[in-house]
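> A structural model of the following input is requested.
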Amino acid sequence: MTARGWFLFSLMGVLWGIPYLMIKVAVDGVSPSMVVFVRCALGAALLLPFAIRQGGLAATVRTHWRPMLAFAVIEVIGPWWTLTDAERHLSSSTAGLLIAGVPIVAVLLTRFFGDTEHLGGRRLIGLMLGLAGVGVLTIPHLTGGDARSLAEVAVTVIGYATAPLIMARHLKQVPTLQLIAPVLLLSAIVYAPAAALTWPTTMPSTSVLASLAGLGVICTALAFVVFLELIREVGPTRATVFTYVNPAVAVAAGALFLDERLTGTVLGAFALILAGSFLATGSSGPRRTGRTERPGRVPSQPTPPRDRSAPAAR
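Residues are numbered from 1 along each chain as shown. From the prediction side, this is the model:
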């Protein structure tokens, strides 16, 4: 993976490693629908002016509205509500740990999307190591919650694993801002009625308001731009491997800011997660074709690599 890919990967581990805490704080003061609405509305308000300024936004939406609608439903409209509602009963750390199953689901789903990426043994081993590390962190903390909450997190996992595949297959040529700004705007419109019906009768606390602002600005507007750039850079399956880092971010934050002990079990899980992430995001290497060149023949010229980049905001 390139240096840019590693930078985006590391940044995503942080940007989508902290929302679980913010969601937990926010949902204690307002409804899940209100949380999703504010998050999407803030993100759309920040990104839409830049998307319009690029020009051609209306034409982009007309041309790609079907996959954009699918992306909106599967990545935002469904999963953000199910995750937020689940955190009314699950701890934020448990929710974050369970979401780390996204890369495994993404690997399984690639078969239904034409196997968009070649997965070698090294990357499969990396995925298994990462999952083992998440399991080490998860099992001692799987307390509380109910069957509905766990099912809601499962729905979120499937959505998070599927949406990047849709983006990579059908929306890769759409500029980043012109994809995510309409998606967030549509999601905000969908949740506006429910948010209005559950509008709080009193002003939420400062911590709730700060969490809503952080979710909208940092974990939505900024994080989505970084996430889509990461998909373009490394592909949909490797892009979701950052969810293995999310539990590590949560543990590190607890040690730094809450004086939580770093036990041998936690350190072992860290090692598995980091090793798994490194292997799972690495290159699978060139495929062997089994062809040999006959003596005296001019070797065939390799096909120039396809340009995988797409117009994107910088």
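
> wait, G17 sits on I273?
No. Between G17 and I273 no contact is recorded; they are 11.6 Å apart, counting by Cβ atoms under 8 Å. Placement of C-beta: from N, CA and C, glycine included.

> Which residue of those two possesses the greater neighbour count?
I273 (27 against 23; other Cβ atoms under 10 Å).

> List the contacts of V30.
Listed by Cβ atoms under 8 Å, 6 or more residues apart in numbering, the contact partners of V30 are V38, T198, P200, P204, V208, L212.

> What of L83?
L83 makes contact with I23, A95, I99, E152, V153, T156, according to Cβ under 8 Å, 6+ apart.

> where along the stretch 1-150 of the chain do the helices fall?
Across the stretch 1-150 of the chain, reading from the start of the chain, the helices by DSSP state H, counting those that start in this stretch fall at 3-15, 19-27, 32-54, 57-71, 79-86, 92-99, 102-109, 121-138, 147-170.

> Run through the neighbouring helices and strands of the second one.
If I follow you right, that is helix 19-27. Counting by 3 or more Cβ pairs under 8 Å, 6 or more residues apart in numbering; DSSP states H and E, the packing neighbours recorded for helix 19-27 are helix 32-54, helix 79-86, helix 92-99, helix 206-216, helix 245-257.

> Let me have these in a markdown table, adding mean pLDDT and distance to P236 as columns.
Putting the helices and strands packed on helix 19-27 into a markdown table (pLDDT from 0 to 100; distance: least, Cβ to Cβ, whole Å) gives the following:
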| stretch | mean pLDDT | distance to P236 |
| --- | --- | --- |
| helix 32-54 | 95 | 21 |
| helix 79-86 | 95 | 16 |
| helix 92-99 | 74 | 16 |
| helix 206-216 | 94 | 24 |
| helix 245-257 | 67 | 17 |
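
> Make TSV from those and add distance to L222 to it.
Supplementary listing: the helices and strands packed on helix 19-27 in TSV, determined by distance: least, Cβ to Cβ, whole Å:
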stretch	distance to L222
helix 32-54	9
helix 79-86	16
helix 92-99	18
helix 206-216	10
helix 245-257	16
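
> ok, back up a step: any idea which of the contacts of V30 has the most stuff around it?
Using other Cβ under 10 Å as the neighbour criterion, L212 leads the contacts of V30 with 24 neighbours.

> got the contact list for it?
Listed by Cβ under 8 Å, 6+ apart, the contact partners of L212 are M22, A26, V30, V35, V38, R39, L42, P204.

> what's the distance between it and D28?
The spacing between L212 and D28, counted by Cβ to Cβ, to the nearest Å, is 12 Å.

> Pull the number of nearby residues for R232.
Summarising burial for R232: neighbours were counted as other Cβ under 10 Å, giving 23.

> cool, the one 3 residues further on as well?
Counted with other Cβ under 10 Å, the neighbours of G235 add up to 22.

> how about it, phi and psi?
The main-chain torsion angles of G235 are listed as degrees, to the nearest 10 and equal phi 100, psi 160.

> My guess is it contacts A168. True?
Yes. With contact defined as Cβ under 8 Å, G235 and A168 form a contacting pair (6.4 Å).

> circling back to that earlier point, format the helices of the stretch 1-150 of the chain as TSV; extra columns: distance to A221.
Supplementary listing: the helices of the stretch 1-150 of the chain in TSV, determined by distance: least, Cβ to Cβ, whole Å:
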stretch	distance to A221
helix 3-15	10
helix 19-27	12
helix 32-54	4
helix 57-71	16
helix 79-86	14
helix 92-99	20
helix 102-109	21
helix 121-138	27
helix 147-170	17
